[in-house]
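> next one to model:
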Amino acid sequence: MTNRIIIIGRITKDLELKTVKSGKSLTNFSIAVSPKQGEVYFFDCVAWGKVAENICKYLKKGSQVAIDGQLTTNTYQNKSGTNITKVIISVNSAEFLNSSDVKKKPEVEEPYEPEDLYDEEPVTDDKLPF
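Sure, this is the predicted structure:
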């Protein structure tokens, strides 16, 4: 089976680069996509390593970007104890589309590493809601 998504949108908030316990860089962000007038969809994304570093270095709120990645899920419990599952795009590569925002377009692509997605314990089949 193939799990690939390519999407073009705009960064919705200022970016923040974080480092996880393993020392790898990461950034969580969302992009807004407007396929037609008056319609907007928001997609949560996560990028790792050099891809995350370059996204934070070259882009800002409002920057247009093309994302290539896979759909993944993150399951957690909220404060009231309810299990929440979010679908996010795990970014493999990003192409920066605003020439005014980008000094140089880096060509960075990193392989998807599902075990690096979260610091928490991975979700097992017995924790899935279906």
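> residue ranges in the chain under the pLDDT threshold?
Scanning the chain for pLDDT under 70 picks out the ranges 1, 99-130.
> for it, which segments count as helices?
Per DSSP state H, the chain carries helices over the ranges 49-58.
> specify the beta-bridge partners of T72.
Note on T72: beta-bridge partners by DSSP bridges are I88.
> could you give the bridge partners of the spatially most central residue of the chain?
Centroid-nearest residue in the chain, with C-alpha atoms, centre = their mean: C45, separated by 1.9 Å. Taking DSSP bridges, one obtains F29, I89 as the residues bridged to C45.
> does it really touch V33, like I thought?
No - using C-beta atoms under 8 Å, C45 is not in contact with V33; the gap is 11.4 Å. No exception for glycine: its C-beta is placed from N, CA and C like everyone else's.
> need the overlap of contacts for the two.
Common neighbours of C45 and V33, using C-beta atoms under 8 Å, 6 or more residues apart in numbering, do not exist here.
> hang on, the earlier thing: check contacts around the residue nearest to the centre of the chain.
N28, F29, S30, I31, I67, G69, I88, I89, S90, V91.
> between those residues, which is nearest K79?
N28 (19.2 Å; C-beta to C-beta).
> with that, I have no additional questions.
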